[in-house]
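*Asks:* take a look and give me a structure for this.
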Amino acid sequence: MEETSRTTNFLPVSFPHPVSSKLDNHNFLVWRKQILTTLRGHKLQHFLSETSVLPSEFLSSDDETQNHVNPKFQDWEQQDQLIMSWLLASITDALLTRMVNCDTSAQVWKTLELYFATQVRAKVTQFKTQLHNTKKGDLSISDYLLKIINVVDLLALVGHKISVKDHIDAIFEGLPQDYETFIISVNSRLDPYTVEEIEALLLAQESRIEKNIKIADLSTPSLAHLITTNRNGSPHFNYRASTRNSNFRPPTHSGNGMQHFRGNFTQQGRGRHGRGSWKGNNKPQCQLCGRIGTSSVKPTTAEIIQDNNWYPDSGATHHLTPNPNNLLTKSQFPSSDEVFEGNALPSKEPTVPASPTSPFTLWHNRLGHPSSHIVSLVLNKCNLPHLNKIPSLICSSCCMGKIHKSPFLHSTSSYTKPLELIHTDLWGPASTPSSHGHQYYIHFIDSYSRFTWIYMLKHKSEAFQVFLHFKSQVELQLGHKIKAVQSDWGGEYRSFTQYLTSNGIIHRISCPYTHEQNGLAERNHRHIVEHGIALLAQASLPFKYWDEAFRTSVYLINRLPTPVLKKKSPLEVLFHQKPSYSQLKVFGCMCYPNLRPFNHHKLQFRSIPCTFLGYSLNHKGYKCLSPNGNILISRDVIFDEHAFPFAQLQSQKQTTSSFSSSSTSLPCQTSLPLMVLPSSTSCSTSSPTNPSIFPATSNHNVASQPPPSSAPPFPTHHMIIRSKNGIFKPKAYLISTTPTSVLEALQLSHWKQAMTDEYLALLRNNTWDLVPPPTDRKLIGCKWVFKVKENPDGTINKYKARLVAKGFHQIAGFDFN
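*Replies:* Modelled structure (predicted):
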């Protein structure tokens, strides 16, 4: 009654009006924010997630049969359809056609997110370029910051979240020269600013700059440049001006070629001419000659100049201007005269870079676009005029024809906790599939400890499931969360993006064809592969055992000290325990595991020669490859680290080859026994079957020829077996299982039919009579017995089901005589 009352009082939330702006191809971020805000306000955001737990449609099988729907499911479905209709009403007609196959609001939401994420992901490079090319220009600070934020939000939508530092750098990169002092002061602070603090400071700085510009329009203009000439000892000034000052006297010339203004200078006047004077002992000292009462700077008037145009003198041979855009061509100042800046000091750089049409650029093109240094050497040898300072040319032809990779700098990032950054990469496919069918492997490297985890894969598509297993395992064992993952943009990692973004994990992706940015994982590939191949070569093992060699390689690398970790091993840094080397054995050597617990009779061998294949991560034991190809795991193993079984087999093959070539008089040749190593699909951790000694294949009497000088390690015989004659038992590709309960049998149509046939047969044969139960007896139950009947060749004949009484409950002399 309490549940019924709750369901009856359920009031679904309806949305009579759609959001203010309907969704189109350009406003997904704004529309998404409005939808989520509204649903969170009503606590209905879980309807958009496909992972949320839904109420069952039927509470039991009986309800399903009688079509009694769960009231909670009806409430959920009603609310979900109301949300779905609201979403569809908030979408433009152009996008509604994509929602035809959606039945729930969660499906509509997922379809929209996938569509827009895919659409925007294709423009990642465009957004990054747009972020770095955005300039303030004529925009206000508010509009400029909003423009930057829009691009940052687009990058975050496709999984490329911009850090605070990169966000601030992008803002600074587009600011004009007026903000250079502000940028320097911000960068000089030890504690970094947040984006919000930078925005507030920029708004304040914009107000100060606008205020200073207004004040500067009313202030006295300063002198841009002064020029002196020592050609004939007389200065050249042009006194033609738009205004006149009756109190101004031309500067006099001294013998050293300097221009000075004499003392007791008084600038009189009213209105726009201002007032200025120096008298008495407060005489200034000249900055150039050091004389008291003289100055090398011409006093300027307090005239407000409204005309910003520049009027060059058509009769002058040289022109100076503070704005180089006033000149069509610019070159070095060729005279021995000096150019003085507004502070009366000589200019250190009285030159400007040559324009693209300068002789240097022309010779750069003539000589076939060599470097600037080479062009300068050629011009010096030919005594051709050019700039003494080599210009930094940006030649589009050189960029198109000679661009190359920039040098990679060593990373200065340091990590203080495990799992702050995980490097990963996938290797493969291998030229030879492993004995277990593996063709790839994926590894994960902790940037803090350099500890490596390796997982073997049969297909690339298994990478994501392996990552989920790895994440849950390491986060539980280490007590830390994965914060960032570094990988390339291979197809196997593209499925990671949505999961990593939803879990707050940063996915750092290297640029296309730039494997150096994922250098730690690439170098680890080389270390693992080279180490593994060396182990295979040492043991003379076939390449199909590369997966076991690579596992052993990673097991050893994690226990070896490295200079990167200050001569500590990754195992010691990550787990704070020093590795033990006492249990290590030579890979591929001969070993003898204890097989006594698996023997069937007392006369079996207690062990057989096996090959050591590495260490088990799930057991405290060793992997031993038996002669029949099984992998045995045991802790009781005796090792012969100087003998290698596969190396002995190769030497026996060579001995057999040389013996057969020299023994041409023998009627036939006996082949030496070979160790057959069938490919197994998985590592066997159970007890092996009865180990057998491999016989030699021979079709004639052994006594007909003397044994070779190099006797095989296993006994030979001439028994004729069925496999030698081509007789094989048919392989059972499908194993039929016998059900253990009635419910399990009823799930399968063939067993259900067998039970029906048995019941009908019992009715036809009148197997029982229905009588009232006696009061002094307990009823005996019945049970179903199932059996699969097979033909002699192993195929299935029929499925047999029998209904029998539980006669073992009867007591002799009491229930029957």
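*Asks:* in this structure residue 522 contacts residue 425, no?
*Replies:* Yes - counting by Cβ atoms under 8 Å, residue 522 touches residue 425, with 6.6 Å between them. All C-beta atoms are positioned from the backbone trio N, CA, C, and that covers glycine.
*Asks:* hey, what's in contact with both of those two?
*Replies:* Common neighbours of residue 522 and residue 425, counting by Cβ atoms under 8 Å, 6 or more residues apart in numbering, are absent.
*Asks:* who touches the host helix or strand of residue 73?
*Replies:* Following DSSP states H and E, one finds residue 73 within helix 71-89. Helix 71-89 has contacts (Cβ under 8 Å, 6+ apart) with 3-4, 7, 10, 12-15, 18, 35, 39, 44, 47-48, 54-57, 96, 99, 102, 104-106, 108-109.
*Asks:* now the residues you listed: which count as buried?
*Replies:* Among the contacts of helix 71-89, the ones that count as buried by 16 or more other Cβ atoms under 10 Å are 15, 18, 35, 39, 44, 47-48, 99, 102, 104-106, 108-109.
*Asks:* filter these down to the ones in strands?
*Replies:* Residues of the buried ones among the contacts of helix 71-89 located in strands (DSSP state E): none.
*Asks:* out of the residues you listed, which are inside helices?
*Replies:* Per DSSP state H, helices hold the following members of the buried ones among the contacts of helix 71-89: 35, 39, 105-106, 108-109.
*Asks:* just the strands in the stretch 451-600 of the chain please.
*Replies:* Applying DSSP state E, counting those that start in this stretch to the stretch 451-600 of the chain gives strands spanning 452-457, 484-487, 506-509, 590-593.
*Asks:* reformat these as a markdown table; add mean pLDDT and distance to residue 815.
*Replies:* Output for these, formatted as a markdown table (pLDDT from 0 to 100; distance: least, Cβ to Cβ, whole Å):
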| stretch | mean pLDDT | distance to residue 815 |
| --- | --- | --- |
| strand 452-457 | 96 | 61 |
| strand 484-487 | 94 | 72 |
| strand 506-509 | 92 | 74 |
| strand 590-593 | 96 | 55 |
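*Asks:* nearest to residue 744, of these?
*Replies:* Smallest distance to residue 744 across these (Cβ to Cβ): 34.1 Å, for strand 452-457.
*Asks:* which strands or helices does the closest one pack on?
*Replies:* strand 440-446, helix 463-478, helix 519-539, helix 546-557 (3 or more Cβ pairs under 8 Å, 6 or more residues apart in numbering; DSSP states H and E).
*Asks:* of the ones you listed, which approaches residue 503 most closely?
*Replies:* helix 463-478 (8.6 Å).
*Asks:* mind listing what's buried in the closest one?
*Replies:* So helix 463-478, judged by 16+ other Cβ under 10 Å, has buried residues 463-464, 466-467, 470-471, 474, 478.
*Asks:* in stretch 137-145, what counts as buried?
*Replies:* Using 16+ other Cβ under 10 Å as the test for burial, stretch 137-145 gives 141, 144-145.
*Asks:* closest to residue 748 among these?
*Replies:* residue 145 (67.5 Å).
*Asks:* where does that closest one sit: helix, strand or coil?
*Replies:* Here residue 145 is helix, with the state taken from DSSP: H, G, I helix; E, B strand; the rest coil.
*Asks:* what about the closest residue to it other than its chain neighbours, helix or strand, and which?
*Replies:* Once flanking residues are discounted, residue 145 sits nearest to residue 199: 5.4 Å by Cβ to Cβ, 6 or more residues apart in numbering. Under the criterion of DSSP H and E, residue 199 resides in helix 195-217.
*Asks:* what residues of that helix count as buried?
*Replies:* Going by neighbour count (16+ other Cβ under 10 Å), the buried part of helix 195-217 is 195, 198-199, 202, 205-206.
*Asks:* can I get the residues you listed in a markdown table with pLDDT?
*Replies:* As requested, the buried residues of helix 195-217 are exported to a markdown table (pLDDT from 0 to 100):
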| residue | pLDDT |
| --- | --- |
| 195 | 86 |
| 198 | 87 |
| 199 | 87 |
| 202 | 88 |
| 205 | 86 |
| 206 | 86 |
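*Asks:* want to throw those into CSV with distance to residue 544?
*Replies:* Shown next, in CSV, are the buried residues of helix 195-217 (distance: Cβ to Cβ, whole Å):
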residue, distance to residue 544
195, 56
198, 60
199, 62
202, 64
205, 68
206, 70
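*Asks:* still on that earlier bit, can I get the ones in helices among the buried ones among the contacts of helix 71-89 in JSON lines with distance to residue 805?
*Replies:* As requested, these are exported to JSON lines (distance: Cβ to Cβ, whole Å):
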{"residue": "35", "distance to residue 805": "66"}
{"residue": "39", "distance to residue 805": "62"}
{"residue": "105", "distance to residue 805": "57"}
{"residue": "106", "distance to residue 805": "54"}
{"residue": "108", "distance to residue 805": "59"}
{"residue": "109", "distance to residue 805": "59"}
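*Asks:* make TSV from the residues you listed and add pLDDT to it.
*Replies:* Putting these into TSV (pLDDT from 0 to 100) gives the following:
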residue	pLDDT
35	88
39	87
105	88
106	89
108	90
109	88
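*Asks:* and of those, the nearest to residue 601?
*Replies:* residue 106 (63.7 Å).
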